[in-house]
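Visitor: Next comes the sequence, and after it the predicted model I'd like to discuss.
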Amino acid sequence: MKKYKIIISISLFTITVPFLCSSILNYKPNIKNYMDTKVAIVDDISQNKDFVDMFKNSLKEQFGENYKEVLLQNIKSAENAQKVESLFIDKNGETQYPDYVGGLYINKEQNLVIQIVSNPNERKALLKDAKYNEIINIDQNAIIEYVDHSYNELNSINEVIKNYFSKNNNRNISLVANYVDISNNIVVVELENNTVDEIEKFKENVIDSPLIRFIKGTIVPMTANLNPGQQLEDLIVCSVGYRAKYNGSQGYVTAAHCINKDTTGINTGTVINRTNAGKVDAVFIKNYANYTPTNTTNWGNFTLSVNDTYPTVFSGQVIGKVGRTTHYQTGTITNLSWSGYTGNKNETVYHTDFIVASANNDEGDSGGAVFVPTTVGKANVLGITSAGIGTTYLSKASNIKSVLKITRY
């Protein structure tokens, strides 16, 4: 019997960035010479010149000619943001910001921005707080930005909206999406009909707060496309995500909306566990014996980490993704707390706790892995693509693990 390998779709971004990430441990002042040396190794690892050229051109298009320095600074800022967050992890492993923290993000200049809630009269008192002093001294290039509202305050408003639409699915209110916009220190509510009457309806039924900004939005389309002439269960064309196990059975994860809810099997395996609601758009497929899921990328022979501890990420952080249509794409995280409707006018699903990134996305990319780099030749899964045209909306791997009860291997 012929045996196939299911190659996991991981972004070409792993080729350079893992070297950048590891280089931070031995940071040298002469970034240009140092980075030229590190990136030169790419040509030794990959035997495919076309692949290397495409990779470098993609990075130049996204970040400019000095993409090496940009990526290095982005990773350094993300590491320092993680250090800040680590100061506020509670006994349950959850991050609990104090009320003087507005949020963290990485700006367009790749510098870490730390938002502090205070007025000039309160800043002397803050200087007596040990953790506050540790925060402002973690990164000498960090920007301290004073804001009016704490992250806790914004998040509590966003949670009220999430809970309302998760329970009611009220399409009488033309909600498209809601999320905390960290950089602007507000909660954004997108309405399909952004009129005075519709805004008043929202305020009366959901929540009325001066911290909400109403804007016009459209429902995010799912990114599967149709392949006419095939059997129904294989009709929707998507991408393989990442290798996983469920109750000891080996298989892989892809997007749930790629497979009809009544389908029990597709050409590569059996549908075991599927959820397309709330925080998750994912399905676990138990592979048939003649298919072998791997952790090897389909470009460059790189390995996906099997670590079940998923990365903490920040607004402005660089990520990579891949899919059957757009292949390799990279971009930055633009939203960490997106909730909203995906699908089309005939069928929509209200999803919560998605991440949004600027990486290009198109029909057929659904289910493909989205990740952040770690060490040389490796990357950590962040999630899988769920929706978006031109922009990537992803379901988090941590939520998929919790809901589908799967593990990496």
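Guide: Structure's in. What do you need?
Visitor: Low-confidence stretches in the stretch 151-300 of the chain?
Guide: Applying pLDDT under 70 to the stretch 151-300 of the chain flags the ranges 169-170, 223-236, 297-300.
Visitor: rerun that using 50 as the cut-off
Guide: 226-233, 235, 300 (pLDDT under 50).
Visitor: From the centroid of the chain, which residue is nearest?
Guide: Nearest residue to the geometric centre of the chain (C-alpha atoms, centre = their mean): residue 355, 4.2 Å.
Visitor: Okay, and the beta partners of that one?
Guide: residue 394 (DSSP bridges).
Visitor: hang on, isn't it packed against residue 331?
Guide: No. Assessed by C-beta atoms under 8 Å, residue 355 is found out of contact with residue 331, at 11.3 Å. Yep, even glycine has a C-beta here, placed from its N, CA and C like the rest.
Visitor: So what's the residue count around residue 103?
Guide: 25 (other C-beta atoms under 10 Å).
Visitor: Confirm it sits in a helix?
Guide: No. Using DSSP: H, G, I helix; E, B strand; the rest coil, the assignment for residue 103 is strand, not a helix.
Visitor: Let me see the contact set for it.
Guide: Counting by C-beta atoms under 8 Å, 6 or more residues apart in numbering, residue 103 makes contact with 97, 115, 147, 151, 154, 180, 182, 183, 185, 315.
Visitor: Report the two members of those residues separated by the largest distance.
Guide: 97 and 183 (15.9 Å; C-beta to C-beta).
Visitor: re the thing from before, ok, the residue nearest to the centre of the chain to residue 406 distance?
Guide: Here residue 355 is placed at a distance of 19 Å from residue 406 (C-beta to C-beta, to the nearest Å).
Visitor: do residue 386 as well
Guide: For residue 386, the distance to residue 406 - C-beta to C-beta - is 17 Å.
Visitor: more neighbours, these two?
Guide: The residue with more neighbours, out of residue 386 and residue 406, is residue 386; 32 against 25, by other C-beta under 10 Å.
Visitor: Find the nearest non-adjacent residue to the more buried one, please.
Guide: In space, and not counting its chain neighbours, residue 386 is closest to residue 281: 4.2 Å by C-beta to C-beta, 6 or more residues apart in numbering.
Visitor: can I assume the one you found is in contact with residue 399?
Guide: No. Residue 281 lies out of contact with residue 399 (C-beta under 8 Å); the separation is 9.7 Å.
Visitor: chain center to the strand ranked longest in the chain, what's the gap?
Guide: Longest strand in the chain, counting residues (DSSP state E): strand 327-343. Offset of strand 327-343 from its chain centre (C-alpha atoms, centre = their mean, to the nearest Å): 6 Å.
Visitor: same question, stretch 157-172
Guide: Worked out by C-alpha atoms, centre = their mean, stretch 157-172 lies 22 Å from the chain centre.
Visitor: same check, this time on stretch 240-259
Guide: Here stretch 240-259 is found 18 Å from its chain centre; the criterion is C-alpha atoms, centre = their mean.
Visitor: for stretch 324-344, same thing?
Guide: 7 Å.
Visitor: Let me know whether residue 388 touches residue 221 as I believe.
Guide: Yes. Using C-beta under 8 Å, residue 388 is in contact with residue 221, at 7.4 Å.
Visitor: Give me the more crowded residue out of these two.
Guide: Remark: of residue 388 and residue 221, residue 388 carries more neighbours, 23 against 15, as counted by other C-beta under 10 Å.
Visitor: pLDDT at that one, what is it?
Guide: Looking at residue 388, its pLDDT is 95.
Visitor: Now for the residue lying closest to residue 335 once chain neighbours are set aside, how many residues are close by?
Guide: Distances taken as C-beta to C-beta, 6+ apart place residue 356 nearest to residue 335, at 3.9 Å, with adjacent residues excluded. Counted with other C-beta under 10 Å, the neighbours of residue 356 add up to 23.
Visitor: For residue 356, which residues are in contact?
Guide: By C-beta under 8 Å, 6+ apart, the neighbours of residue 356 are 179, 333, 334, 335, 338, 388, 391, 392, 393, 394.
Visitor: One more pass at 10 Å, please.
Guide: 177, 179, 220, 315, 331, 333-338, 340, 387-388, 391-394 (C-beta atoms under 10 Å, 6 or more residues apart in numbering).
Visitor: can you check residue 180 too?
Guide: Contacts of residue 180 (C-beta under 10 Å, 6+ apart): 103, 149, 151, 153-155, 157-159, 186-188, 211, 315, 335-339.
Visitor: If we use 6 Å, what do you get?
Guide: 154, 155, 158, 187, 337 (C-beta atoms under 6 Å, 6 or more residues apart in numbering).
Visitor: next one: residue 372
Guide: Contacts of residue 372 by C-beta under 6 Å, 6+ apart are 311, 319, 380, 382.
Visitor: isn't the second one right up against residue 357?
Guide: Right, residue 319. Yes. Residue 319 is in contact with residue 357 according to C-beta atoms under 6 Å; the separation is 5.3 Å.
Visitor: Only the C-alpha atoms, please, for stretch 74-86, written as CSV.
Guide: What follows is stretch 74-86, C-alpha atoms only, in CSV (Å, rounded to 0.1, in the frame of the first residue of the first chain):
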residue,chain,number,x,y,z
ASN,A,74,10.8,43.1,16.9
ILE,A,75,11.9,39.9,18.5
LYS,A,76,13.9,41.7,21.2
SER,A,77,10.9,43.9,22.0
ALA,A,78,8.6,40.8,22.2
GLU,A,79,11.0,39.1,24.6
ASN,A,80,11.0,42.2,26.8
ALA,A,81,7.2,42.3,26.7
GLN,A,82,7.2,38.7,27.9
LYS,A,83,9.4,39.7,30.8
VAL,A,84,6.9,42.4,31.8
GLU,A,85,4.0,40.0,31.6
SER,A,86,5.9,37.4,33.7
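Visitor: neighbouring contacts of that stretch?
Guide: 20-21, 24, 95, 104, 106, 110, 112, 135, 138-139, 312, 314, 317-318.
Visitor: These in strands, which ones?
Guide: Members of those lying in strands (criterion: DSSP E): 104, 106, 112, 318.
Visitor: Give me the more crowded residue out of residue 281 and residue 399.
Guide: Using other C-beta under 10 Å as the criterion, residue 281 and residue 399 rank with residue 281 on top: 31 against 20.
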